[in-house]
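Undergrad: Mind looking at a prediction? Sequence and model below.
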Amino acid sequence: MPETRHPLFMPLVLLGGLLFGFGLAVSRMSQPEVVLDFLQFEDFGLLFVMGAGALVVGVTIAVATRWERTAPLTGRPYRRRLKDLDSNVVVGGVTFGLGWGLSGICPGAAYASLGIGNYPILWGIAGMFLGAYAQGYWRSRD
Amino acid sequence: MIAELFPKGVLSYAVGGLLIGLGTAVIYLGTGIAAGASTFLESTLSYVSEISRFNRRSYRGSRDWRVVFTLGIVGGAAIYALLFQDGLWVTDVQPWRLFGGGILVGIGTRVGKGCTSGHGICGVGSLADASLVNVATFLAVAVGTAHVVGALGVLP
């Protein structure tokens, strides 16, 4: 963690979050019904949400990583988002898929769902915190 | 044929996806951080829990801006609702599905190192093998799960 952050760091994170949440609401991915319709092959529109989002970020990362520069607000080098491919990636993917298919909610969409007034989503967010806590508890005992 | 696959068209989906990507890109270009939405769940737990997993340096060092990012997501959706929505939008999906599904999502995204945004947007955008494997896995399992739940007559 940097000792002092650039004064524009938090405002930029907030701006990015606002755009992100606004986009989730525009796409209606904030509505669990829309996600469930997609997963049940009744409306394939969600492919365009994920596709457009990944395309914009993919082009951004591809361009930025070719610059010999660091990020202006942190001095961090631009890197691709890479994680180790191990069994956790698959086990976690299966578990997430079971939950997503049962409920139609994922973390970002759930936060946005709260923003459009969907107060029952608090059940889902409470569940996510409980699940995150449970795995942290188990994994910290090893 | 195409109209049957996309009964609500594709425009709002594509525009929404572009905005989601733009929000992620703005943060990335300014800070070099490829932000995902699910790390917030663990980093925020470090405020109230002593468990070592949640108190890793990377979580304690990012927990404040992750709260701001999440509040931004809630706020951005609320701005949309105020501008274009008629009152609150409330789901018909039953609470037990949201809660039970949420638990599995909480476990799975954290064990699997990311969610629909971290893996699905940033990781796929990075053409990272772990993210491509994770997304293919959760998509396939979610499609199967939703079909089984639907076939069992669980509505909504």
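TA: All right, it came through fine.

Undergrad: which stretch of helix or strand covers the nearest residue to A:Ser103 once chain neighbours are set aside?
TA: Spatially, and ignoring its direct neighbours in sequence, A:Ser103 is nearest to B:Gly101 (2.4 Å; Cβ to Cβ, 6 or more residues apart in numbering or on different chains). Where C-beta positions appear, they are placed from N, C-alpha and C, glycine not excepted. Here B:Gly101, judged by DSSP states H and E, is contained in helix B:95-111.

Undergrad: next SSE after that helix?
TA: Downstream of helix B:95-111, the first helix or strand assigned by DSSP H and E is helix B:124-125.

Undergrad: name the helices or strands packed onto that following helix?
TA: Contact here means 3 or more Cβ pairs under 8 Å, 6 or more residues apart in numbering or on different chains; DSSP states H and E; on that basis helix B:124-125 packs against helix A:46-64, helix B:129-151.

Undergrad: Show the average pLDDT along the helix holding B:Gly101.
TA: Summarised as a single mean, pLDDT over helix B:95-111 is 98.

Undergrad: Equivalent analysis for stretch B:134-151, please.
TA: According to the model, stretch B:134-151 has a mean pLDDT of 98.

Undergrad: before we move on, the earlier item: touching, the residue nearest to A:Ser103 and A:Gly99? I think so.
TA: Yes: at 4.3 Å, B:Gly101 and A:Gly99 qualify as touching, with contact defined as Cβ atoms under 8 Å.

Undergrad: Need the overlap of contacts for the two.
TA: Shared between the contact lists of B:Gly101 and A:Gly99 (criterion: Cβ atoms under 8 Å, 6 or more residues apart in numbering or on different chains) are residues A:Ile105.

Undergrad: quick one: low-confidence parts of chain A?
TA: Filtered on pLDDT under 70, chain A yields the residue ranges A:1-3, A:142.

Undergrad: One more pass at 50, please.
TA: Along chain A, the parts satisfying pLDDT under 50 run over A:1.

Undergrad: Can you pull up the most central residue in it?
TA: In chain A, the residue lying closest to the centroid (Cα atoms, centre = their mean) is A:Gly108, at 4.8 Å.

Undergrad: which SSE is that one in?
TA: helix A:107-115.

Undergrad: Kindly calculate the angle that that helix makes with helix B:95-111.
TA: Helix A:107-115 runs at 140 degrees relative to helix B:95-111, counting by axes from the mean of the first three to the mean of the last three Cα atoms, to 10 degrees.

Undergrad: Can you give the distance of helix A:107-115 from its chain's centre?
TA: 10 Å (Cα atoms, centre = their mean, to the nearest Å).

Undergrad: likewise stretch A:101-113?
TA: On Cα atoms, centre = their mean, the centre of stretch A:101-113 falls 10 Å from the chain's centre.

Undergrad: need the contact list for the residue lying closest to the residue nearest to the centre of chain A once chain neighbours are set aside.
TA: Spatially, and ignoring its direct neighbours in sequence, A:Gly108 is nearest to B:Ala37 (3.5 Å; Cβ to Cβ, 6+ apart). B:Ala37 makes contact with A:106-108, A:111, B:69-70, B:73, B:115-118, according to Cβ under 8 Å, 6+ apart.

Undergrad: For the residue nearest in space to the middle of chain B, give me the pLDDT.
TA: Averaging the C-alpha coordinates of chain B gives a centre point, and the residue nearest to it by Cα atoms, centre = their mean is B:Thr116 (4.8 Å). The predicted local confidence for B:Thr116 comes out at a pLDDT of 97.

Undergrad: Surely it is in contact with A:Gly104?
TA: No: assessed by Cβ under 8 Å, B:Thr116 is found out of contact with A:Gly104, at 11.6 Å.

Undergrad: Neighbours of the nearest residue to B:Phe40 once chain neighbours are set aside, how many?
TA: Nearest-residue entry for B:Phe40: B:Arg66, 4.4 Å, with adjacent residues in sequence omitted and distances by Cβ to Cβ, 6+ apart. Neighbouring residues of B:Arg66 were enumerated by other Cβ atoms under 10 Å in any protein chain shown; the total is 22.
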